[in-house]
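K.L.:
The amino acid sequence is not available; the structure is as follows:
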Ligand SMILES: Nc1nc2c(ncn2[C@@H]2O[C@H](COP(=O)(O)OP(=O)(O)OP(=O)(O)O)[C@@H](O)[C@H]2O)c(=O)[nH]1
Ligand code: SF4
Ligand SMILES: [Mg+2]
């Protein structure tokens, strides 16, 4: 069941509805592939069709396109039985209806899924043919059911559906498994580099650092916390190499120089790009730096509202490094807390902090909004590593993402 689904398991998204409403067309639009056969003959899909995919920014899912379940007769019963079986492995239900035809049949499906504690998105498809009934829609919304309008054959509304799936997905699926505990086996050492400069808060560590230490302890890993000046000496006292070195992004260059090449190294904010956001999307976002030119507007967003002190990373250091890299004057706009702009269209790039104070769902929503607006989004650590020329090094703890980056970079003929 959805609430107990082990982390890392694919989220099973079942697509249900009457025959001919466009379930298979919707799956094809989502995957941009002809996964399921579509025709205007009712009852085209006879057996459930499964399509595993990486649904950015949600993660690994499997869509299950089912046979329409409204038909009668012996063959119909068989189909209904097969479709009902899919209900048993559905973590998230999509009920598809033709725009004007939400009725008792769909309500029964809704009740069935609700009885199983499975979250639901209602899709009113074929809105190009008109006929959305505002009262039906209001009734669904009043009961907390997310409603999305689509024209599956034209791919319309697919991004809205993506956002709705993210909103209703069970929390244990949306929450990423760990910050770094999965990167350091039990009994092995991670070295955390924490500069104590005038930007560091008095008398305490910041949340990403504290959460990282706790995560290592939760995973029975060991942890050595040092300032950047002491890293080299600290490493020389260890009798075996650490499994990971994590630094504050501000000390990236020094830490990269002092950490042996074969030791994976990254920054706290890159760890948080994976933990709170979507690392693969944000890596692609960092590559958009190469397309920036003088005069472009860049949004720098922080999830909390701390007071900037001295050489603040978001207000001073990132603008400086990025301007140097681009070789032209960029226009930076800063937002904090919940003030993420509605209209992202003026921006050529969004750079987000590690987002340690907001939950992953909120960060993923922001990523989706950027995607909808066609604006690349990345994060502090990634953009710093990129503009300092140590991007591959900073991705070394994440081989799959590094591989994806290399492929993309070679296709685009990138600088690093
Ligand atoms: N106008 C319009 N036609 C659509 C839309 N979506 C699907 N169709 C058409 O509706 C018909 C049925 O589509 P399918 O995707 O096969 O429907 P289904 O729900 O999978 O049907 P079964 O497999 O029989 O249960 C096809 O002719 C599609 O081209 C839409 O948004 N607008
Ligand atoms: S919310 Fe962002 S800016 Fe605030 S402490 Fe966390 S990572 Fe830093
Ligand atoms: Mg079908």
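P.N.:
Thanks, I have it. Everything numeric here is computed off the predicted structure, so don't read it as measured data. Residues are numbered from 1 along each chain as shown. Ligands and ions are numbered 1, 2, ... in the order given.

K.L.:
Any buried residues in the helix or strand where residue 404 lies, and which?
P.N.:
For residue 404, the element it lies in under DSSP states H and E is helix 399-412. Across helix 399-412, burial judged by 16 or more other CB atoms under 10 Å covers 401, 402, 404, 405, 409. C-beta coordinates here come from the backbone N, C-alpha and C atoms, glycine included.

K.L.:
Need the residues that contact that helix.
P.N.:
Contacts with helix 399-412, where a contact means CB atoms under 8 Å, 6 or more residues apart in numbering, come from 279, 280, 283, 284, 287, 290, 391, 392, 395, 396, 414, 416.

K.L.:
Same check on stretch 325-343?
P.N.:
By CB under 8 Å, 6+ apart, stretch 325-343 touches 289, 292-306, 314-315, 319, 322-323, 347, 366, 369, 373, 386-387.

K.L.:
Try it again at 7 Å.
P.N.:
Stretch 325-343 has contacts (CB atoms under 7 Å, 6 or more residues apart in numbering) with 289, 292-302, 304-305, 314-315, 319, 322-323, 366, 387.

K.L.:
now do stretch 379-386
P.N.:
Counting by CB under 7 Å, 6+ apart, 249, 252, 267, 269-270, 273, 277, 282-283, 286, 289, 313, 318, 321-322, 351-354, 391, 394 sit against stretch 379-386.

K.L.:
redo that, cut-off 6 Å
P.N.:
249, 252, 267, 269-270, 273, 282, 286, 289, 351-353, 391, 394 (CB atoms under 6 Å, 6 or more residues apart in numbering).

K.L.:
Please apply the same query to stretch 227-244.
P.N.:
Contacts of stretch 227-244 (CB under 6 Å, 6+ apart): 183-184, 188-191, 193, 195-196, 226, 251, 254-255, 258, 263-264, 397.

K.L.:
next one: stretch 362-378
P.N.:
57, 159, 163, 166, 276-278, 281-282, 285-286, 288, 340, 344-345, 347, 349-351, 355.

K.L.:
can we see that at 7 Å?
P.N.:
Here stretch 362-378 has contacts from 57, 159, 162-163, 166, 174, 276-278, 281-282, 284-286, 288, 340, 344-345, 347, 349-352, 355, using CB under 7 Å, 6+ apart.

K.L.:
Any of those buried? List them.
P.N.:
Buried, going by 16+ other CB under 10 Å: 57, 162-163, 166, 174, 276-278, 281-282, 284-286, 288, 340, 344, 347, 349-352, 355, out of those.

K.L.:
Please list the members of those residues that lie in strands.
P.N.:
349, 350, 351, 352 (DSSP state E).

K.L.:
Report the buried residues of stretch 229-246.
P.N.:
Neighbour counts over stretch 229-246 (16+ other CB under 10 Å) mark 231, 234, 235, 241, 242, 243, 244, 245, 246 as buried.

K.L.:
The residue nearest the centre of the chain: what's it in contact with?
P.N.:
For the chain, the residue nearest the mean C-alpha position is residue 57 (3.0 Å; CA atoms, centre = their mean). Listed by CB under 7 Å, 6+ apart, the contact partners of residue 57 are 278, 281, 364, 367, 368.

K.L.:
Determine the set of other helices and strands touching the helix or strand bottoming out on mean pLDDT in the chain.
P.N.:
Using mean pLDDT, DSSP states H and E, helix 73-88 stands out as the lowest-scoring helix or strand of the chain, at a mean of 74. With contacts taken as 3 or more CB pairs under 7 Å, 6 or more residues apart in numbering; DSSP states H and E, helix 73-88 sits against strand 11-17.

K.L.:
Residue 30 sits in which helix or strand?
P.N.:
helix 23-31.

K.L.:
wait, does that helix contact ligand 1?
P.N.:
Yes. Using CB under 6 Å from any ligand atom, we find that helix 23-31 touches ligand 1 at 23, 24, 25.

K.L.:
Out of those, who's the most crowded?
P.N.:
Scoring the residues of helix 23-31 next to ligand 1 on neighbours with other CB atoms under 10 Å, the highest-scoring entry is residue 23 at 29 neighbours.

K.L.:
wait, doesn't it sit right on residue 17?
P.N.:
Yes. Using CB atoms under 7 Å, residue 23 is in contact with residue 17, at 5.3 Å.

K.L.:
Any chance you could list residues touching both of these two?
P.N.:
By CB under 7 Å, 6+ apart, the residues touching both residue 23 and residue 17 are residue 96.

K.L.:
before we move on, the earlier item: could you restrict the contacts of stretch 379-386 to the ones contacting ligand 2?
P.N.:
Okay, of the contacts of stretch 379-386 touching ligand 2 (CB under 6 Å from any ligand atom), that's residue 353.

K.L.:
how many neighbours does residue 32 have?
P.N.:
10.

K.L.:
brain fart, residue 290
P.N.:
Other residues close to residue 290 by other CB under 10 Å number 15.

K.L.:
Show me where the chain dips below the pLDDT cut-off.
P.N.:
For the chain, residues meeting the criterion pLDDT under 70 lie at 1-9, 71-76, 176-177, 307-310, 414-416.
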